[in-house]
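Enquirer: the sequence isn't on hand, but the structure is:
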């Protein structure tokens, strides 16, 4: 169990960042789902619940997901169910159970860059940015590559388009984390393939996507692209699966996701 020495509930983002940066071991509280599993000692915990960041909304060009929106909010959001074939909403619907999804927040999950994340692959497969208090707005892919800096993620922004998307995953049990997951998307003949839980962080399979973009959706090309994805990415062994098994599963999940996208109207 983690330990909090002090709890702050700021009413403005500036105040929240000032408290966060005041001391090295101050930290932002998300849903605390994963903090509870550790023994971290936090000097001052910054609770963002009074900053009105629990929202999912859209305008003509973008969908915004506030940092304090929960996975359950994402799962049940009519906005996210209606766009991108519901891939983002479907992805988080697999996470453990409803009680757990009611406390896990989008901001904490994305900012922590978890390798086992169900949310990151579909977000990467779409045109997604993040908004940081100090770091400003930047593409999600760039944020994931950047070294960790003390900051506050305020929202995730998905650009609206006619992009079709699909998400696939495999678990040893319904309540476990994925041993591998994959997201695929297509817009105007251009494809993206993302594979996560390798068990490393979600990563683009760029050569495999180029195979589809160049060769189209013939049965032979789909199989070839799935094989290329498995070959170009790095897999490791942990308690959930061996590297060899993950590599084999990658071919199947990527192929299924490509076929699902191909079948989307």
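Expert: Yes, it's here. As the structure is a prediction and not an experimental result, all values here were calculated from the model.

Enquirer: going forward, measure contacts and count neighbours with C-alpha atoms only.
Expert: Will do.

Enquirer: buried set for stretch 206-223?
Expert: Neighbour-count burial for stretch 206-223, counted by 16 or more other Cα atoms under 10 Å, picks out 206, 207, 208, 209, 210, 211, 212, 213, 217, 221, 222, 223.

Enquirer: so residue 194 bridges to which residues?
Expert: Note on residue 194: beta-bridge partners by DSSP bridges are residue 183, residue 204.

Enquirer: which stretches of this structure form strands?
Expert: According to DSSP state E, the chain carries its strands in the segments 3-8, 27-29, 41-47, 56-58, 62-66, 128-132, 136-139, 153-159, 164-171, 178-187, 190-196, 203-204.

Enquirer: quick one: distance of the fifth one to the chain centre.
Expert: Spelled out, it's strand 62-66. Strand 62-66 has its average C-alpha position 14 Å from the chain's average C-alpha position, going by Cα atoms, centre = their mean, to the nearest Å.

Enquirer: same question, the third one
Expert: Its chain's C-alpha centre lies 24 Å from the corresponding centre of strand 41-47 when counted by Cα atoms, centre = their mean.

Enquirer: mind starting the numbering at 250 from now?
Expert: Shifting the count to begin at 250 puts that one at strand 290-296.

Enquirer: describe which strands that strand pairs with in its sheet and in which direction.
Expert: Checking strand 290-296 against DSSP bridges gives partners strand 252-257 (parallel), strand 276-278 (parallel).

Enquirer: likewise for the fourth one?
Expert: Applying DSSP bridges to the sheet, strand 305-307 is found paired with strand 311-315 (antiparallel).

Enquirer: what is the mean pLDDT for the strand it pairs with?
Expert: Per-residue pLDDT values over strand 311-315 give a mean of 97.

Enquirer: need the contact partners of that strand.
Expert: Contacts of strand 311-315 with the rest of the structure, by Cα atoms under 8 Å, 6 or more residues apart in numbering, involve 302-307, 355-356, 403-409.

Enquirer: make a PyMOL selection of the buried ones in those.
Expert: Those of the contacts of strand 311-315 that meet the burial criterion (16+ other Cα under 10 Å) are gathered into one PyMOL selection, given here:
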select buried, resi 302+303+304+305+355+356+403+404+405+406+407+408+409
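
Enquirer: for residue 263, state which of the contacts of strand 311-315 is nearest.
Expert: The shortest distance between residue 263 and any of these, using Cα to Cα, involves residue 403 and amounts to 11.7 Å.

Enquirer: quick check: nearest residue in space to the closest one, chain neighbours excluded?
Expert: Among residues not flanking residue 403 along the chain, residue 316 sits closest, at 5.0 Å (Cα to Cα, 6 or more residues apart in numbering).

Enquirer: ok, the one you found - contacts?
Expert: By Cα under 8 Å, 6+ apart, the contact list for residue 316 reads 302, 303, 354, 355, 356, 357, 402, 403, 404, 405.

Enquirer: list the contacts for residue 336?
Expert: The neighbourhood of residue 336, defined by Cα under 8 Å, 6+ apart, consists of 329, 330, 371, 414, 415, 416.

Enquirer: thank you kindly, that will do.
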